[in-house]
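>>> need the 3D shape of this:
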Amino acid sequence: MKHSEYYVTDENIISNIVEKQKRYFYEQKTKSKAVRVQALKDLQSMIKSNEEVIMEALKKDLNKSEIEAYASEIGILLEEIRFTLKHLDGWMKSKKAKTVMTHIGSKGYIIPEPYGVTLIIAPWNYPFQLAISPLIGAIAAGNTAIIKPSELTPNVSRVMEELLAKTFDPSFVTVIEGAVETTQILLKQPLDYIFFTGSVNVGKVIMQEAGKQLIPVTLELGGKSPCIVHRDANVELAAKRIMFGKSMNAGQTCVAPDYLLVHKDVKVQLIAQLQKAVTQFYGEDALTSGRYGRIVSERHFDRLIEFLQDGKAVIGGNYNEETLQIAPTVLDEVKWDSSVMQDEIFGPILPLIEYESVDEVVSAVHQKAKPLALYLFSESEEVQQQIINTVSFGGGCINDTIMHLATPHLPFGGVGESGIGQYHGEASFKTFSHFKSVLKQTTKFDFAFKYPSDNQSLKTIKKFLK
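Numbers count the residues shown, from 1 in each chain. Just a heads-up that it's a prediction; the model follows:
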């Protein structure tokens, strides 16, 4: 079901919304601690009192089960708000900075201030969480916010628009629904910050458009996140945690394990344990399980089905065109130049390539763009440190998958092609804040040597600046 009747494609309407938010911001209505705290509490209350409505929309758009919808789209947000409310006072305070000898008598301060009108462009895979999570940071930092949800999840988009319209003045927080045309109009507006979550290719377009006005951006992108299973791994536990990370939301997760690098000594054992995990999670047929999601659209489904030709399905491989579901699948006999190994998969297909040495793994991962996530299963501290110290990636886990994303204590973001900037917890506050440096100088005395006069001034300055 499409809700295109709600799309906003009139440039005058969008410009008017931005102008109202500019005015609201410059009237200082977002900046006090009391306003920020109340707005976060209102957001918290909105989520709690509409859990069933949100989960129903997620079910319609992505067939998300209640437990998955709550854990990944609702509960994680409530924890983020709780954490932000607890620490906001400290984050907002100006910090004193040390001064140097040439600045005796002065005091330095670093003052966090909001940017102004922020645009949050949200993706379809976690359509509620990945819109509201950056909103928490935008509000906490004192900004106004415009959210542009994905048109591929129209039910969540509509629910979000309705709920936020009831909760906030649109001059403070609002949702603008639409497709590509709406985004293009938004990117032409005099915004103060853009936060985008989505694909690498679209991220490049966002950055290019933002660059025309020198609008700062955060880009939360993706890439091929490797999952390494070394010979000394706890294979049974590794299989369960790998399949959990890969099958959540039918693999449509930016930090899902994208491909498996498995030591040849444990390959057969790992495949058997991965199959065991699939059965444990979803029964004998995941496609008939009420706990398993679907692919978001026919276009994405068709793209994924083609990958099944790139190897031998040792687990899964079956699919249902009517429900747009693909069973959790592990492909063996995959080559590095196969199409499934070129771009981020973003689905429940897991190619498997075996290796013999850790150096081989490091070399292989270095051949690709820096990934958003990396996962290593090994009991060896030496192997763990070798991977951490030699491979660049946004973030990741040792002996687990995706869980680094679910804590406000760890900043989340990519590196290189997998993203620019970080958020979650204090990192969200920092992302949506400009840190203004101010030097407060004394008028009780003055140093004559800093002014241009004679050679004696130069000698004095050289004594201080050496």
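>>> now do the strands in the stretch 301-450 of the chain.
Using DSSP state E, counting those that start in this stretch, the strands of the stretch 301-450 of the chain run over 312-315, 319-320, 325-326, 329-332, 349-355, 373-377, 395-398, 412-413, 419-420, 422-423, 433-440.
>>> single out the most deeply packed of those strands.
Per-stretch averages of neighbours, counted by mean count of other CB atoms under 10 Å, single out strand 373-377 among those, with a mean of 28. In short, each C-beta sits where N, CA and C put it, glycine included.
>>> packing partners for that strand?
Under the contact criterion of 3 or more CB pairs under 8 Å, 6 or more residues apart in numbering; DSSP states H and E, strand 373-377 touches strand 226-229, helix 235-247, helix 381-390, strand 395-398.
>>> tell me the angle of that strand relative to helix 381-390?
170 degrees (axes from the mean of the first three to the mean of the last three CA atoms, to 10 degrees).
>>> out of the strands of the stretch 301-450 of the chain, which gets nearest to V18?
Within the strands of the stretch 301-450 of the chain, the stretch nearest V18 is strand 433-440; the backing value is 18.9 Å (CB to CB).
>>> sheet-wise, list the partners of the closest one with their directions.
strand 107-114 (antiparallel) (DSSP bridges).
>>> right, and the helix or strand after the partner strand?
The element immediately downstream of strand 107-114 (helix or strand, assigned by DSSP states H and E) is strand 117-121.
>>> would you put the C-alpha positions of that next one in PDB?
Output in PDB follows, covering the C-alpha atoms of strand 117-121 (Å, rounded to 0.1, in the frame of the first residue of the first chain):
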ATOM      1  CA  VAL A 117      17.300  23.600  11.300                       C
ATOM      2  CA  THR A 118      18.400  20.000  10.800                       C
ATOM      3  CA  LEU A 119      17.200  17.500   8.200                       C
ATOM      4  CA  ILE A 120      17.100  13.800   9.000                       C
ATOM      5  CA  ILE A 121      16.700  11.600   6.000                       C
END
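>>> wait, what's in contact with L130?
122-123, 197, 220 (CB atoms under 8 Å, 6 or more residues apart in numbering).
>>> and of those, the nearest to I349?
Out of the contacts of L130, the member with the shortest distance to I349 (by CB to CB) is P123, at 19.3 Å.
>>> that closest one: neighbour count?
22 (other CB atoms under 10 Å).
>>> now do I139
31.
>>> name the helix or strand for it, please.
Here I139, judged by DSSP H and E, is contained in helix 129-140.
>>> could you give the angle of that helix to strand 433-440?
Going by the same axes, to 10 degrees, helix 129-140 makes 20 degrees with strand 433-440.
>>> need the next SSE after helix 129-140, C-terminal direction.
strand 144-148.
>>> can you tell me the strand partners of that next one and which way each runs?
Next to strand 144-148 in the sheet, as set by DSSP bridges, lie strand 117-121 (parallel), strand 173-175 (parallel).
>>> buried stuff in the last one?
Within strand 173-175, the residues scored as buried using 16 or more other CB atoms under 10 Å are 173-175.
>>> including distance to I315 and pLDDT, could these go into CSV?
Putting these into CSV (distance: CB to CB, whole Å; pLDDT from 0 to 100) gives the following:
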residue, distance to I315, pLDDT
V173, 44, 98
T174, 45, 98
V175, 40, 98
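>>> tally of neighbours for K60?
15.
>>> doesn't I349 make contact with G251?
Yes: the pair G251 / I349 is scored as a contact, 6.9 Å apart, by CB atoms under 8 Å.
>>> nearest to I461 among the strands of the stretch 301-450 of the chain would be which one?
Smallest distance to I461 across these (CB to CB): 17.8 Å, for strand 433-440.
>>> in PDB, list the C-alpha atoms belonging to the closest one.
Extracted in PDB, the C-alpha atoms of strand 433-440 (Å, rounded to 0.1, in the frame of the first residue of the first chain):
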ATOM      1  CA  SER A 433      26.300  20.700  18.200                       C
ATOM      2  CA  HIS A 434      28.800  23.200  17.100                       C
ATOM      3  CA  PHE A 435      31.500  23.700  19.700                       C
ATOM      4  CA  LYS A 436      32.100  27.500  19.900                       C
ATOM      5  CA  SER A 437      35.400  28.600  21.300                       C
ATOM      6  CA  VAL A 438      35.400  31.900  23.300                       C
ATOM      7  CA  LEU A 439      38.400  33.700  24.900                       C
ATOM      8  CA  LYS A 440      37.400  36.100  27.600                       C
END
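>>> what residues does the least confident helix or strand in the chain by mean pLDDT touch?
The weakest-scoring helix or strand in the chain, judged by mean pLDDT, DSSP states H and E, is helix 455-464 (a mean of 72). Helix 455-464 has contacts (CB under 8 Å, 6+ apart) with 100-102, 448-451.
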